[in-house]
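Undergrad: structure of the sequence below:
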Amino acid sequence: MNRKFLIIGAIFGLLAVIIGAFGAHGLKPLLDGASRESFETGVKYQMYHALLLLLVGSFKLHQFRFQKPIFFLLLFGVICFSGSIYLLATNNLTPIDFKGIALLTPLGGTLLIAGWILLLVEFIKIERK
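TA: Sure thing, here's the model as predicted:
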């Protein structure tokens, strides 16, 4: 088991539930349909990756060569991807214009994809018994 994967996975999962509930109940009357869908996409991807971190954290990672890069790609991928979506979806509710961070969304998605690719490489390298 890897403690940091488990802790960040649990934090991301907890926050996804809280942010999702806030979006569904508190922001529902304030957001239009497209913004609400976008917000929900951020929550879904955060939860998917929280579960991935929990799953990977339960593995014996001492054999994984790319353990640290996978962790940081997923960590910063979720922060950039979901975080930017939350800010962009609620842009009209604040005096701050978050449109300048729009490039963080595809950057975060790219980091998440890279994390999945490294994880796939690690799985391929596992010896068959």
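Undergrad: okay but residue 56 is in contact with residue 66, surely?
TA: No. Using C-beta atoms under 8 Å as the test, residue 56 is too far from residue 66 to be in contact (11.1 Å). C-beta: built from backbone N, CA, C; applies to glycine.
Undergrad: okay, and the common contacts of those two?
TA: Both residue 56 and residue 66 are contacted by residue 119, under the criterion C-beta atoms under 8 Å, 6 or more residues apart in numbering.
Undergrad: higher neighbour count, those two?
TA: residue 56 (21 against 16; other C-beta atoms under 10 Å).
Undergrad: which residue packs closest to the more buried one, ignoring adjacent ones?
TA: The shortest distance from residue 56 to any non-neighbouring residue, by C-beta to C-beta, 6 or more residues apart in numbering, is to residue 5 (5.3 Å).
Undergrad: name the residues of the helix or strand harbouring that neighbour that are buried.
TA: For residue 5, the host element (DSSP states H and E) is helix 3-21. Of the residues in helix 3-21, those buried by neighbour count under the rule 16 or more other C-beta atoms under 10 Å are 5-6, 8-9, 12-13, 15-16, 19-20.
Undergrad: and that helix, what does it pack against?
TA: Under the contact criterion of 3 or more C-beta pairs under 8 Å, 6 or more residues apart in numbering; DSSP states H and E, helix 3-21 touches helix 33-57, helix 67-89.
Undergrad: nearest to residue 103 among those helices would be which one?
TA: Closest to residue 103 of the helices and strands packed on helix 3-21, according to C-beta to C-beta: helix 67-89, at 8.3 Å.
Undergrad: what mean pLDDT does that closest one have?
TA: Mean pLDDT, helix 67-89: 97.
Undergrad: elements contacting that helix?
TA: helix 3-21, helix 33-57, helix 104-125.
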